[in-house]
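1. have a look at this prediction, sequence included:
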Amino acid sequence: MADTESSATTPAAKGEAKHTAVSPRSGRVRGGLALIFSLIALISGGYLWYMLLYERPDLLATDVVGKLTRIEGEMQELRGAVTSVEQETTALQESSTTIQAGLEGIRKDLLKNRADWAMAEAEQLMVIANHRLQLARDVGSALAALRATDRLLESLADPNLLPVRRTLAREIASLEALERIDIPGMSLRLVQLAEQADRLPMAGAGRAASETVAVSTPANTDWRTSAHDLWQDLKSLVRIRYHSEGQKPLLAPEQHYFLRENLRLMLFGAQNALLQGNVPVYQENLKSAIQWLRDYYDLTSQVTVAALADLEKLATARVVAEMPNIAGSLAALRDVKSRRGST
């Protein structure tokens with residue numbers, strides 16, 4: 001049986017060996033066929049090329065001419081497109097130039113308007129400084145206004161404003177050199193004293209009230225009481241005679257109004273002279289007001305004593321008679337503005 005299996009296996013093995021031996025040969029055959037077909041295709045292509053080049057050159061020329069014609073048409077289209085793009089670019093450049101010119105004009109207008117606004121504000125500050133100095137003699141406010149004006153003109157960085165700033169610097173220096181005197185505070189104190197005139201007690205008001213009480217006391221029919229009252233009256237007469245040498249006569253109530261109004265007029269006159277720098281009139285009004293208080297008002301009252309002390313202090317205070325002229329910078333600025341407007 002073993003021999004049978006051996007005999008059965010042997011033909012199969014032989015068949016496989018035969019098949020294995022045949023496979024390389026078939027591969028070489030296929031490779032050879034592919035090479036042959038490639039040669040045939042190459043020869044055919046070469047033949048066709050030869051025919052087109054030598055036998056039928058008209059076909060090749062026609063094809064080349066057609067291609068050249070198409071290329072020229074495409075080139076013409078490209079040139080037209082390039083020309084259109086160039087025209088559009090030129091139009092855009094012109095439009096951009098126009099826009100830039102417009103923007104530059106707007107920028108110049110804005111700068112000019114800003115300069116005009118700043119110069120108008122500077123002029124207003126200078127006017128305020130002159131008014132505060134000449135009308136109210138307020139050196140501090142005038143100095144602050146001029147300094148603000150100088151900062152504003154500096155921000156413009158305009159060479160044409162240099163003469164204005166030089167004049168402005170001299171005026172600021174002249175104000176800084178002045179002795180600081182609180183003219184506005186002194187003026188307000190005079191107004192307060194004038195408004196206080198109604199509350200100042202008149203001289204003899206207490207004496208008149210005591211006499212009124214004495215007269216209005218009802219009489220007593222008792223002889224002892226009458227004798228006592230008579231003695232008291234005699235004593236009071238002696239006392240009144242002793243004190244009456246230094247007292248002013250009693251004034252009627254309607255006269256009190258005129259006394260107070262006269263005091264107000266003196267105080268307001270002193271205030272007006274103070275603001276105008278009229279030192280003699282200022283001192284004369286204060287001197288009259290002080291004497292008026294001493295003559296017609298109650299000097300035992302604390303209110304009167306305080307008012308009198310304030311007036312004496314104001315009368316001895318130093319007042320500058322003449323303020324410096326700060327109108328030069330204002331005139332210079334207006335000259336620059338007029339020259340700008342004419343150009």
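-> It's in.
2. quick one: Arg294 and Ala307 touch, right?
-> No - Arg294 is beyond contact range of Ala307, at 11.2 Å (criterion: CB atoms under 8 Å). Placement of C-beta: from N, CA and C, glycine included.
3. of the two, which one has the most company?
-> Neighbours per residue, other CB atoms under 10 Å: of Arg294 and Ala307, the larger number sits with Ala307, 23 against 12.
4. distance of that one from Ala331?
-> Using CB to CB, to the nearest Å, one obtains 45 Å as the distance from Ala307 to Ala331.
5. next one: Met202
-> Taking CB to CB as the measure, Met202 falls 54 Å from Ala331.
6. who has more neighbours, those two?
-> Taking other CB under 10 Å, Met202 and Ala331 do not tie; Met202 has more neighbours (20 against 11).
7. which strand residues bridge that one?
-> Assessed by DSSP bridges, Met202 has beta-bridge partners Tyr297.
8. from Lys337, how far off is it?
-> 59 Å.
9. packing partners of whichever strand or helix holds Ala144?
-> In the assignment (DSSP states H and E), Ala144 maps to helix 139-156. The helices and strands touching helix 139-156, judged by 3 or more CB pairs under 8 Å, 6 or more residues apart in numbering; DSSP states H and E, are helix 57-134, helix 162-176.
10. in terms of mean pLDDT, which of those helices ranks lowest?
-> Of all the helices and strands packed on helix 139-156, mean pLDDT reaches its minimum on helix 57-134 (a mean of 80).
11. which other helices and strands contact it?
-> Helix 57-134 packs on helix 139-156, helix 328-342, going by 3+ CB pairs under 8 Å, 6+ apart.
12. any chance of a markdown table for these, columns distance to Ser96 and mean pLDDT?
-> Compiled in a markdown table, the helices and strands packed on helix 57-134 are given as follows (distance: least, CB to CB, whole Å; pLDDT from 0 to 100):
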| stretch | distance to Ser96 | mean pLDDT |
| --- | --- | --- |
| helix 139-156 | 31 | 93 |
| helix 328-342 | 31 | 89 |
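13. looking at the ones you listed, which is buried most?
-> Highest mean neighbour count among the helices and strands packed on helix 57-134 (mean count of other CB atoms under 10 Å): helix 139-156, with a mean of 18.
14. contacts for that one?
-> Outside helix 139-156, the residues that touch it by CB atoms under 8 Å, 6 or more residues apart in numbering are 115, 118-119, 121-122, 125-126, 128-130, 132-133, 161, 164-165, 168-169, 171-172, 175-176, 178, 180-181, 183, 323, 326, 329.
15. weed out the non-buried ones from these.
-> 115, 118-119, 122, 125-126, 128-130, 132-133, 161, 164-165, 168, 171-172, 175, 183, 323, 326, 329 (16 or more other CB atoms under 10 Å).
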